[in-house]
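> When you get a sec, could you give me coordinates for this:
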Amino acid sequence: MSSVPSVLDVSPVIPVVVVEDIATAVPLARALLDGGVPIIEVTLRSAPALDAIRAIAAEVPELLVGAGTIVSADQARAAVDAGARFLVSPGSTDRLLDAFQDAGLPFLAGCSSPSDMLRLLERGVTEAKLFPASAVGGVDLLRAVAGPLPQLRFCPTGGITAASAGDYLALPNVGCVGGTWLTPATAVRAKAWDEITRLATDASTFRGR
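Numbering: from 1, shown residues only. Sure, this is the predicted structure:
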């Protein structure tokens, strides 16, 4: 079990990262941590992803490492075995929610509509990922559901940038946002860790507008 009370309260931004080269995983994690972002979501969209989670968990234990883009119960179990401390999915099915709840870790199950949100609430889930945020209504959708569903808090992800993050963070039902802009592929390939630390430093100070 994680000692973190809520994944949504760790950082204003959760970096969403695709690790293509296992050698970059640990220095990338350290660069984020040096910039004041103590969390990372490694998506299971690349072959080295589970090994990256394993390496970060072992070598940068002060960073909260999670597994994202989980779409099956088997992936959820594999992520837990690799050392992930939270789980994230782009959507929700009964089987996936069962696996998440059985894992005993914090998780952000994906939702994109009020019906999805009600389904999560029926499970006792009050923290979720809104995905793909910008495509399904973004700030306007979150503002609209805050009245009828005030008990839900979100991490919107998908199409969010440094320029738009503040609009989301200003909403009372948003705890943080997920974004890829903190770890641009060109900077990772160039091993420009100072650049990633700078971007993380900027993100760590984000507040709602």
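
> where does the protein have low pLDDT?
The model of the chain has pLDDT under 70 over residues 1-5, 208-209.

> got the residue ranges for the strands in the protein?
13-17, 39-43, 64-68, 87-88, 107-111, 127-130, 153-156, 177-179 (DSSP state E).

> okay, those in CSV with distance to Gly166 next?
In this view, the C-beta of every residue, glycine as well, is placed from N, C-alpha and C. Formatted as CSV, those follow (distance: least, CB to CB, whole Å):
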stretch, distance to Gly166
strand 13-17, 11
strand 39-43, 19
strand 64-68, 23
strand 87-88, 22
strand 107-111, 20
strand 127-130, 16
strand 153-156, 12
strand 177-179, 9
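
> May I see those strands organised as TSV, with mean neighbour count and distance to Tyr168 added?
Shown next, in TSV, are those (neighbours: other CB atoms under 10 Å; distance: least, CB to CB, whole Å):
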stretch	mean neighbour count	distance to Tyr168
strand 13-17	26	10
strand 39-43	26	16
strand 64-68	27	18
strand 87-88	27	17
strand 107-111	26	15
strand 127-130	26	9
strand 153-156	26	5
strand 177-179	25	5
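
> Which of those strands sits closest to Val139?
strand 153-156 (8.3 Å; CB to CB).

> Packing partners of the closest one?
Secondary-structure packing of strand 153-156 (3 or more CB pairs under 8 Å, 6 or more residues apart in numbering; DSSP states H and E): strand 127-130, helix 138-146, strand 177-179.

> So which of the strands of the chain is nearest Asp81?
The nearest among these, by CB to CB, is strand 64-68 at 10.4 Å.

> which residues sit against that closest one?
2, 4, 7, 10, 14, 16, 29, 38-44, 49-50, 53, 56-57, 75-76, 79, 82-89 (CB atoms under 8 Å, 6 or more residues apart in numbering).

> Can you list which of these are found in helices?
29, 49-50, 53, 56-57, 75-76, 79, 82 (DSSP state H).

> and which of those residues is nearest to Ala200?
Nearest member of those to Ala200, counting by CB to CB, is Ala29, at 10.6 Å.

> these two touch, right, that closest one and Ile56?
Yes. Judged on CB atoms under 8 Å, Ala29 makes contact with Ile56 at a distance of 4.6 Å.

> Now the common contact residues for these two.
By CB under 8 Å, 6+ apart, the residues touching both Ala29 and Ile56 are 40, 63, 65.

> from those residues, which is closest to Ala185?
Among the shared contacts of Ala29 and Ile56, and counting by CB to CB, the member closest to Ala185 is Ile40, at 15.3 Å.
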